[in-house]
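Student: next come a sequence and a model predicted from it.
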Amino acid sequence: RRYDSGRDGYIDLMELKLMMEKLGAPQTHLGLKNMIKEVDEDFDGKLSFREFLLIFHKAAAGELEEDSGLLTLAKLSEIDVSIEGVKGAKNFFEAKVQALSSASKFEAEIKAEQDERKREEEERKHRRAAFRELKSAFTQ
């Protein structure tokens, strides 16, 4: 959210550029494009929250190239308990959990809206079928 200046729920190329600069790891234009491409599952050219989290999953699994900007980003977002202390680590992970749970709530809301649309569409189909049946009784 901090770097999503467009407030659209995605990190686009320019927002990623700004984020990397603020984190002290500026990237070239081509490097930024490659960073997005590496985790862009839906090929929309920007990072959703899920795709952003995928960076850290891939980093933990050792699936990122050593010279990857994404690996740099993942390392910049790690926390060293020996430096930060237990309370600093606790705050860091509580913030991560909060972000994940808010994403889960958002996904649940989207799912509920989709289910509601499906239910409304089914009701419409039933009303149309009932109307056609009633209409056919009058036209015979």
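Tutor: In hand now; what should we look at? Numbering: from 1, shown residues only.
Student: spit out the contact partners of residue 74.
Tutor: Applying CB atoms under 8 Å, 6 or more residues apart in numbering to residue 74 gives the contacts 55, 56, 58, 59, 64. Heads up, the C-betas are built off the backbone N, CA and C, glycines and all.
Student: the helices in the protein, which residues?
Tutor: 13-22, 29-39, 49-60, 69-76, 81-139 (DSSP state H).
Student: which positions in stretch 10-23 come out as buried?
Tutor: Neighbour-count burial for stretch 10-23, with 16 or more other CB atoms under 10 Å as criterion, is recorded at 10, 11, 12, 15, 16, 17, 19, 20.
Student: need those residues in JSON lines (columns: pLDDT).
Tutor: Supplementary listing: the buried residues of stretch 10-23 in JSON lines, determined by pLDDT from 0 to 100:
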{"residue": "10", "pLDDT": "90"}
{"residue": "11", "pLDDT": "88"}
{"residue": "12", "pLDDT": "91"}
{"residue": "15", "pLDDT": "90"}
{"residue": "16", "pLDDT": "88"}
{"residue": "17", "pLDDT": "90"}
{"residue": "19", "pLDDT": "85"}
{"residue": "20", "pLDDT": "85"}
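Student: name the nearest of those relative to residue 136.
Tutor: residue 10 (49.7 Å; CB to CB).
Student: quick check: the farthest pair among the contacts of residue 74?
Tutor: Spatially, the most separated pair among the contacts of residue 74 is 56 and 64, at 9.8 Å (CB to CB).
Student: give me the more crowded residue out of those two.
Tutor: When neighbours are counted by other CB atoms under 10 Å, residue 56 and residue 64 differ, and residue 64 comes out ahead with 23 against 16.
Student: not counting its neighbours along the chain, what's nearest the more buried one?
Tutor: With sequence-adjacent residues excluded and distances taken as CB to CB, 6 or more residues apart in numbering, residue 64 is closest to residue 71, at 4.2 Å.
Student: how many neighbouring residues does that neighbour have?
Tutor: Around residue 71 there are 19 other residues, counting by other CB under 10 Å.
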